[in-house]
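*Asks:* what's the 3D shape of this:
(one chain, ligands or ions: 1)
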Amino acid sequence: MDLECFYPIHSVPSASSMFTFVALIVGLLLYLYAPFWGVRKVPGPPSMPLVGHLPLLAKYGPDLFSLLAKQYGPIYRFHMGRQTLIIIADAELCKEAGIKKFKEIRNRSIPSPISASPLHQKGLFFTRDSQWSTMRNTILSVYQPSHLSRLVPTMQSFIESATQNLDSQKQDIIFSSLSLRLATDVIGQAAFGVNFGLSRPHDFCDSTINNCVNNANVGNKEVSDFINQHIYSTTQLKMDLSGSFSIILGLLIPILQEPFRQILKRIPGTMDWKIERTNKKLSGRLDEIVEKRMKDRTRTSKDFLSLILNARESKAVSENVFTPEYISAVTYEHLLAGSATTSFTLSSVVYLVAGHTQVEKKLLQEIDGFGPVDQIPTSQDLHDKFPYLDQVIKEAMRFYTVSPLVARETSNEVEIGGYLLPKGTWVWLALGVLAKDPKNFPEPEKFKPERFDPNCEEMKQRHPYAFIPFGIGPRACIGQKFSLQEIKLSLIHLYRKYLFRHSPNMENPLELEYGIVLNFKHGVKLRAIKRT
Ligand code: HEM
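*Replies:* Alright, predicted model coming up:
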């Protein structure tokens, strides 16, 4: 019988198509394993093809990074989907990577959620090399102590407005929402010179900022739209498999991310389409603000945007570096970086102090001892006269590290911790692991502000870089002093007027959510008691 009757000749794979098929498979495998190959000598747990260690992350949450450090040592491999990360979980090695070898590790790796978001890429956080250093030097001039101290009255007025009549509400205060509104208003004013008006007192407010915003700005749709878009754009930056389809692809097969994003963003209803629309609107609004301010001849130099524009016009900074696009991005970045982090920290302090009455007593003594209730502390007072408040804030930041991983990338071959890392390796500093390491913080699960007393033995024994919630070296957080000033002023004002207790509706233990920064899953619910 003629075989061709059953198997037409053209369906038998030819040698060339077999070769193409095998070449494709080999190409795919090479592509998938390329980031791993150069760092294969660094220890790490076995990983699954494509998803890497993402299932482990889903199972254990960020505690996984401490567990892996215990098992594999202070430097180990972690596979975020296809991408291999080198995790540094030791203070001395963080110093090596962040300071001693900064020249070789000065840029940040761009994680998949960000590579899908051009809006987020032109800020200081993700710019690279000389663009970054020129931008950073210009922006640093804005953070002069004299400028920060001039911001005290602005901060204070938002704080007072946001915290009026807290005790008149018999129901819970969603403190995390209140602090997010406050921090967004403060940074809105400081960055853009715009009063978003979110801190005005409300009759009620639920656990999402969106509702607070809508309640606050009935009749001011512009502002609420802007803030809602800001919140949406931020919260969509997920680092796990719950982001948009293109973000997930970016984690698994990054080469496909951009082509798919280009298609999906044109299909109404997809998450990529929504993100694209939001980012476009947001960029449009930011460009409008920047353009308007550029034309404004009466502009002062109180806010960040005006300061950059003034520097640009006086030729103190090159117009090629600060194009309007970069100015919009960097100003928006301030809103982004300055609101969620600061408000999370403020909420953590109040939550933790509410559960530790001895700490509360000592803190109130210090605050009451400062002076009459209407005496607003200056920047210098905040620095010198509240040592215990300082310890409480540090301990809260250690206890809940808002930014537990810091992303960096090698720009040349470099040796860290005895391993040679090729150019382009993603090196992530695990600040959250350092903060819970019993070597530097005995009984790390206990909230003990006194461990930050400069005279205590524990503090003296500790590695100087064991506690680095604002990062390390020349690339560390630029807003550190700004946010600490805001947090201290807020706490002093709050504790002069109120005591806080956990609401019976608050879950125990507290549940956290892990996006690009840490957040409270169900908000921080408290009851405020007016002090007499
Ligand atoms: C409690 C509040 C805050 C925390 C915990 C925090 C934490 C961090 C961390 C860990 C980094 C990465 C540092 C590194 O790579 O070593 C960072 C960078 C940055 N932060 Fe903050 N931050 C806070 C508030 C702010 C505020 C208020 C602003 C703006 C006013 C801000 C703006 C930035 C910027 C622009 C960068 C990028 C710096 C660069 O790459 O040169 N942050 N922050």
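*Asks:* Can you give me the buried ones in the biggest helix by length in the chain?
*Replies:* The residue-count maximum for a helix in the chain (DSSP state H) belongs to helix 324-354. By neighbour count on 16 or more other C-beta atoms under 10 Å, the buried set for helix 324-354 is 326-354. Yep, even glycine has a C-beta here, placed from its N, CA and C like the rest.
*Asks:* On the pLDDT front, check Asp225 for me.
*Replies:* With respect to pLDDT, Asp225 has a value of 61.
*Asks:* same question but for His230, I mixed them up
*Replies:* So, for His230, pLDDT stands at 61.
*Asks:* got it, and Thr300?
*Replies:* pLDDT, read off for Thr300, is 70.
*Asks:* downstream neighbour of the longest helix of the chain in the secondary structure list?
*Replies:* helix 357-368 (DSSP states H and E).
*Asks:* Please list the residues outside that following helix that contact it.
*Replies:* Identification of contacts with helix 357-368 by C-beta atoms under 8 Å, 6 or more residues apart in numbering yields 352-354, 386-389, 392, 447, 449, 491-492, 495-496, 499.
*Asks:* Does the following helix or strand past it pack against any helices or strands, and if so which?
*Replies:* Sequence order places helix 379-384 as the next helix or strand after helix 357-368, per DSSP H and E. Applying 3 or more C-beta pairs under 8 Å, 6 or more residues apart in numbering; DSSP states H and E, one finds that helix 379-384 contacts helix 145-150, helix 480-497.
*Asks:* Can you list the buried residues in helix 379-384?
*Replies:* Buried-residue list, helix 379-384, by 16+ other C-beta under 10 Å: 379, 381-383.
*Asks:* Quick check: residues of the stretch 1-150 of the chain near the ligand?
*Replies:* Contact residues (C-beta under 6 Å from any ligand atom) of the stretch 1-150 of the chain with the ligand: 124-125, 136.
*Asks:* switch to 8 Å and redo it
*Replies:* 98, 108, 123-127, 132, 136, 139 (C-beta under 8 Å from any ligand atom).
*Asks:* Now Lys525: closest residue in space, sequence neighbours ignored.
*Replies:* Distances taken as C-beta to C-beta, 6 or more residues apart in numbering place Ser503 nearest to Lys525, at 3.9 Å, with adjacent residues excluded.
*Asks:* cool, Lys436 as well?
*Replies:* Using C-beta to C-beta, 6+ apart, the closest residue to Lys436 is Pro444 (4.4 Å).
*Asks:* Next up, the contacts around that neighbour.
*Replies:* Neighbours of Pro444 in contact, by C-beta under 8 Å, 6+ apart: 435-438.
*Asks:* Are any of those buried, and if so which?
*Replies:* Using 16+ other C-beta under 10 Å, the buried members of the contacts of Pro444 are 435-437.
*Asks:* and which of the residues you listed is nearest to the ligand?
*Replies:* For these, the residue nearest the ligand by C-beta to the nearest ligand atom is Ala435; the value is 11.3 Å.
*Asks:* Of the residues of the stretch 1-150 of the chain next to the ligand - the most surrounded one?
*Replies:* If you count neighbours using other C-beta atoms under 10 Å, the busiest of these is Gly98, which has 24 neighbours.
*Asks:* I'd guess it is in a strand, am I close?
*Replies:* No. With DSSP: H, G, I helix; E, B strand; the rest coil as the criterion, Gly98 is located in helix rather than a strand.
*Asks:* thought it was touching Leu431?
*Replies:* No. Applying C-beta atoms under 8 Å, one finds Gly98 not in contact with Leu431, separated by 10.3 Å.
*Asks:* any common contacting residues for those two?
*Replies:* Common neighbours of Gly98 and Leu431 (C-beta under 8 Å, 6+ apart) are 468, 471.
*Asks:* Distance check, Ser348 against the ligand.
*Replies:* 9 Å (C-beta to the nearest ligand atom, to the nearest Å).
*Asks:* Ok, Lys448 next?
*Replies:* Relative to the ligand, Lys448 is positioned 20 Å away (C-beta to the nearest ligand atom).
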